[in-house]
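Sharing a model that was predicted from the sequence below.
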Amino acid sequence: MPAPAAFLRALFSAAIARAAAPEMLVPHLPSPPRGRTVVVGAGKAAASMAQAVEAAWPPNAPLSGVVVTRYGYGVGPLPRIEVIEAAHPVPDQASQHAAARIQAALRGLSADDLVLCLISGGGSALLAAPLPGITLADKQNLTRALLTSGATIAEINTVRKHLSAVKAGRLALAAAPARLVTLLVSDVPGDDPSIIASGPTVPDPTTQPQALEILARHHIPVPEPVRRLLEDPAHETPKPNHPAFARAQLHLAATPQDALEAAASTARAQGITPLILGNALEGEAREMAVVMAGIARQCRLHGQPARPPCVLLSGGEATVTVRGAGVGGRNVEFLLSLAIALNGAPGIHALAADTDGVDGGAEIAGALIGPDTLTRAAALGLSPRAALRANNAHPVFAALGDQLITGPTRTNVNDFRAILVL
């Protein structure tokens, strides 16, 4: 097998390639309708998905639309579908402009028309349309507070859905009476369509009281206009019995499990036994790392639950409650905690990264560790424990030269973790 770092990078590349492959979309494309086809979408994969749709769509069939993706995640101008870039994870004016353009594209449709909605992770921030009575600044402030509170993605999106004119099925209402087909790239534990990008085209099972409870539990101040909106039943989100969903279909085109299985296949080809521990793991990143360190040690010392050489694969979305001066980053925080828990245990190497290429708002996907991580850090005068306490892992890996930088991957199937045990 290649060197441990090269092997781990190859697994990550295989996971990304599976989640970003244009062919993942094609089997799910419907036939052109009698009327028009309008493509709308939001997320880090939205531009590449739109490009794949254009390439597969019959050239003589009408096709138009608008999608929005993260800054830098575009694919250049497309002939028939407009691509807008906006901010993530906190929405900006471009996010609001994109939502308005998408709403406009859905006006005046008939039952003979088709709306093809392309949704992937990141869509919650990229598609910002505050309900009347609240402002973009209100949503920005709440988003920042939620992202550093330790709230799960399901909790964060529960709040987002109840403040939006397009999320939580409201885009489906705008598309009616046209037929609606949603193609999803999942970035959430459990692949729940109502959570991916806050479910703009699917019914919402959550409620306004739940949104208020989440904000209270995480000690997030609620501006009075937001509180009034969340306490007004007239603004509750659409539920499953709404007639707008009668002609709606959805398909999962790529999932975290797909990415893990691609990595597992690559590992087998190298003679390394893969063990997928789960595609939907959640919890504080630093605490998850301590558990994973215990499993890795058990493999090396006792051959359980797999004999070396093996690689422990997992996905999902860890959380970081930012209490220090750092910016967090759940994958680098996981790795720093893992290195500390392993304390130089021989033969154990690891990679953790976000499949979208961005960890904790930094333009860095993640990092790698090995048995020498702590000793190398000490030689540079660094304190990994102090950095972990401050939620400031990125500078440690920058100093060590162990950051994983991919640039825009144009997809997102959540976190990817691989622990190699030799």
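Received it, and whenever you're ready, just let me know what you need.

Excluding covalently adjacent residues, which one is nearest to G370?
H349 (4.6 Å; CB to CB, 6 or more residues apart in numbering). Placement of C-beta: from N, CA and C, glycine included.

repeat for V185
S120 (3.8 Å).

who's in contact with the one you found?
Contact analysis of S120 by CB atoms under 8 Å, 6 or more residues apart in numbering lists 41-46, 49, 184-185, 187, 196-197, 411-412.

Low-confidence ranges, the stretch 251-400 of the chain, go.
Within the stretch 251-400 of the chain, the stretches with pLDDT under 70 are 361.

what do you get if the cut-off is 90, keeping everything else the same?
Applying pLDDT under 90 to the stretch 251-400 of the chain flags residues 282, 317-329, 356, 358, 360-363.

Now do the longest strand seen in the chain: which elements does it pack against?
Assignment by DSSP state E gives strand 273-284 as the longest strand of the chain. Applying 3 or more CB pairs under 8 Å, 6 or more residues apart in numbering; DSSP states H and E, one finds that strand 273-284 makes contact with helix 256-269, helix 285-302, strand 310-319.

at 6 Å instead, please
For strand 273-284, the elements it packs on are helix 256-269, strand 310-319, judged by 3 or more CB pairs under 6 Å, 6 or more residues apart in numbering; DSSP states H and E.

where's it relative to the chain centroid, distance-wise?
Averaging C-alpha positions (CA atoms, centre = their mean, to the nearest Å) puts strand 273-284 16 Å from its chain's average.

Enumerate the positions of that strand that are buried.
Along strand 273-284, these residues count as buried under the neighbour rule (16 or more other CB atoms under 10 Å): T273, P274, L275, L277, N279, A280, L281, E282, E284.

Give me the domain ranges for this protein.
Residue ranges for the domains of the chain, per automatic domain parsing: 4-13+257-421, 31-254.

Next, format those as CSV and append distance to M24.
Listed next are the domains of the chain as CSV, based on distance: least, CB to CB, whole Å:
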stretch, distance to M24
domain 4-13+257-421, 8
domain 31-254, 5
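
so which of these comes closest to A20?
In terms of CB to CB, the element of the domains of the chain nearest to A20 is domain 4-13+257-421, at 4.0 Å.

hmm, back to that, quick check: bridge partners of the residue nearest to G370?
Under DSSP bridges, the beta-bridge partners of H349 are L420.

That one and L368, how far apart?
H349 is 7 Å from L368, where distance means CB to CB, to the nearest Å.

swap in L109?
Using CB to CB, L109 is found at 49 Å from L368.

So for the two, which residue has more residues nearby?
Using other CB atoms under 10 Å as the criterion, L109 and L368 rank with L368 on top: 24 against 20.

which element is the more buried one on?
strand 366-369 (DSSP states H and E).

sorry, back to before: just the contacts of S120: which are in helices?
Members of the contacts of S120 lying in helices (criterion: DSSP state H): A46, M49.

Throw the contacts of S120 into CSV and include pLDDT, thanks.
Shown next, in CSV, are these (pLDDT from 0 to 100):
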residue, pLDDT
G41, 96
A42, 96
G43, 94
K44, 93
A45, 94
A46, 95
M49, 95
L184, 95
V185, 93
D187, 87
I196, 94
A197, 94
T411, 88
N412, 86
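
Make TSV from the contacts of S120 and add distance to N60 to it.
Output for the contacts of S120, formatted as TSV (distance: CB to CB, whole Å):
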residue	distance to N60
G41	23
A42	28
G43	29
K44	31
A45	27
A46	25
M49	22
L184	28
V185	28
D187	35
I196	33
A197	31
T411	30
N412	33
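
Drop anything exposed from the contacts of S120.
Neighbour-count burial (16+ other CB under 10 Å) applied to the contacts of S120 gives 41-46, 49, 184-185, 187, 196-197, 411-412.

Of these, which belong to strands?
Per DSSP E, the buried ones among the contacts of S120 map to strands at G41, A42, L184, V185.

hang on, P205 is in a strand, isn't it?
No - P205 is assigned coil when assessed by DSSP: H, G, I helix; E, B strand; the rest coil, not a strand.

Tally up the residues packed near it, please.
Burial measure for P205: 15 neighbouring residues, criterion other CB under 10 Å.

Not counting sequence-adjacent ones, nearest residue to it?
That would be S194: by CB to CB, 6+ apart, it lies 6.0 Å from P205.

Identify the residues contacting that neighbour.
V202, D204, P205 (CB atoms under 6 Å, 6 or more residues apart in numbering).

Now with 10 Å, please.
154, 157-158, 161, 167-169, 188, 200-206, 237, 240 (CB atoms under 10 Å, 6 or more residues apart in numbering).

same question, G357
By CB under 10 Å, 6+ apart, the neighbours of G357 are 16, 44, 70, 72-73, 363-366, 404-412.

Pull out the buried members of those.
Burial by neighbour count, judged by 16+ other CB under 10 Å, picks out 16, 44, 70, 73, 364-366, 404, 406, 408-412 from the contacts of G357.

Now tabulate those residues in TSV and tack on distance to R36.
TSV is the format used below for the buried ones among the contacts of G357 (distance: CB to CB, whole Å):
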residue	distance to R36
I16	34
K44	27
R70	28
Y73	27
I364	42
A365	39
G366	42
L404	43
T406	37
P408	31
T409	32
R410	27
T411	28
N412	29
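
Just name the closest of those residues to K139, please.
Of all the buried ones among the contacts of G357, K139 sits closest to R70, with 17.0 Å by CB to CB.

and the closest one, what does it touch?
Residues near R70 by CB under 10 Å, 6+ apart: 42-47, 85-89, 95, 121-123, 125-126, 356-358, 408, 410, 412.

Same check on G74?
Neighbouring residues of G74 by CB under 10 Å, 6+ apart: A46, A47, S48, A50, Q51, V67, V68, V83, I84, E85, P408, R410.

Please, which helix or strand holds it?
Short version: G74 belongs to no helix or strand, going by DSSP H and E.

what are the ranges of the helices in the stretch 301-422 of the chain?
Remark: helices assigned in the stretch 301-422 of the chain by DSSP state H, counting those that start in this stretch are 330-342, 373-379, 384-389, 394-400.

Any chance of the ones you listed in TSV with mean neighbour count as columns?
Compiled in TSV, the helices of the stretch 301-422 of the chain are given as follows (neighbours: other CB atoms under 10 Å):
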stretch	mean neighbour count
helix 330-342	27
helix 373-379	16
helix 384-389	17
helix 394-400	20
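
Present these as CSV; the columns should include distance to G316.
As requested, these are exported to CSV (distance: least, CB to CB, whole Å):
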stretch, distance to G316
helix 330-342, 10
helix 373-379, 23
helix 384-389, 20
helix 394-400, 21
